[in-house]
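1. have a look; sequence and predicted model below, questions after that.
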Amino acid sequence: MFKDTQERVALFGGSFDPPHIGHKLVVIEALRLLEINRLVVIPTYLNLFKTNTHFSTAQRLKMTSEMFKAFSNVLVSDFEIKEGEPTPTAKSLAHFQEQYRVKYLIIGADNLASIDKWYNFTWLNEQITWVVATRRGYSVDTSKLRVFKILEIDADISSTQIRNNIVKDKP
């Protein structure tokens, strides 16, 4: 298939442990501002920089699918979960490039400090336009990124806060 006839997509990966309104706001803004036909949400099997998750892969995939089921142009993919091991973003990008014209990779501002430590960062940086979702408490230093756009997201929530509240509320 020719690249110019393929759907233009953005990829948005993450642990989604659990998914929350901040993730939903990122998707809404990305659909509104980016020139794409589809947004692919990719829950990780396990983030390469983490050792575990609170919710199981099945739970995170189900919750993420449920959150975005009303969005006709959002696909929640089980690609990384099916891999059964931590999957570098570069591998996921290469996979989705086989079927789509991947224009954007959406990340949270919290990823910027260590972005150059990502597997095959130089290749990733050459392939796509980064879309950085702002996050309270994190600066937006885009100096390592070749091309980028900023998504202004005003949500004072994180998966860590939700998990901490779940643990705190348990008897």
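-> Sure thing, it's come through.
2. helix or strand right after whichever strand or helix holds L39?
-> With the criterion set as DSSP states H and E, the secondary-structure element containing L39 is strand 38-43. Towards the C-terminus, the helix or strand next in line after strand 38-43, according to DSSP H and E, is helix 57-68.
3. quick check: buried residues in the helix or strand that comes right after that next one?
-> Downstream of helix 57-68, the first helix or strand assigned by DSSP H and E is strand 74-76. For strand 74-76, the neighbour count (16 or more other Cβ atoms under 10 Å) marks V74, L75, V76 as buried. To be clear about C-beta, it is placed using only N, CA and C from the backbone, and glycine gets the same treatment.
4. wait, a strand at V132?
-> Yes: assessed by DSSP: H, G, I helix; E, B strand; the rest coil, V132 belongs to a strand.
5. just the helices in this structure please.
-> In the chain, the helices defined using DSSP state H lie at 21-33, 57-68, 79-83, 89-97, 121-127, 159-169.
6. related to what we said a few turns ago, closest one of the buried residues of strand 74-76 to V140?
-> V74 (24.5 Å; Cβ to Cβ).
7. correct me, but the closest one touches I28?
-> No: counting by Cβ atoms under 8 Å, no contact exists between V74 and I28, whose distance comes to 9.8 Å.
8. ok, back up a step: Throw the helices of the chain into a markdown table and include mean pLDDT and distance to K103, thanks.
-> Supplementary listing: those in a markdown table, determined by pLDDT from 0 to 100; distance: least, Cβ to Cβ, whole Å:
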| stretch | mean pLDDT | distance to K103 |
| --- | --- | --- |
| helix 21-33 | 94 | 11 |
| helix 57-68 | 96 | 19 |
| helix 79-83 | 97 | 18 |
| helix 89-97 | 98 | 11 |
| helix 121-127 | 98 | 10 |
| helix 159-169 | 50 | 26 |
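9. got those helices as TSV, with mean neighbour count columns?
-> As requested, those are arranged in TSV below (neighbours: other Cβ atoms under 10 Å):
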stretch	mean neighbour count
helix 21-33	17
helix 57-68	18
helix 79-83	18
helix 89-97	18
helix 121-127	15
helix 159-169	12
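10. which ones are touching Y104?
-> Contact criterion Cβ atoms under 8 Å, 6 or more residues apart in numbering gives V9, A10, L11, A30, L34, I36, I128, T129, W130, V131, K149 as the residues in contact with Y104.
11. and the fifth one, what's its pLDDT?
-> With respect to pLDDT, L34 scores 97.
12. give me the number of residues near it?
-> For L34, the tally of surrounding residues (other Cβ atoms under 10 Å) stands at 18.
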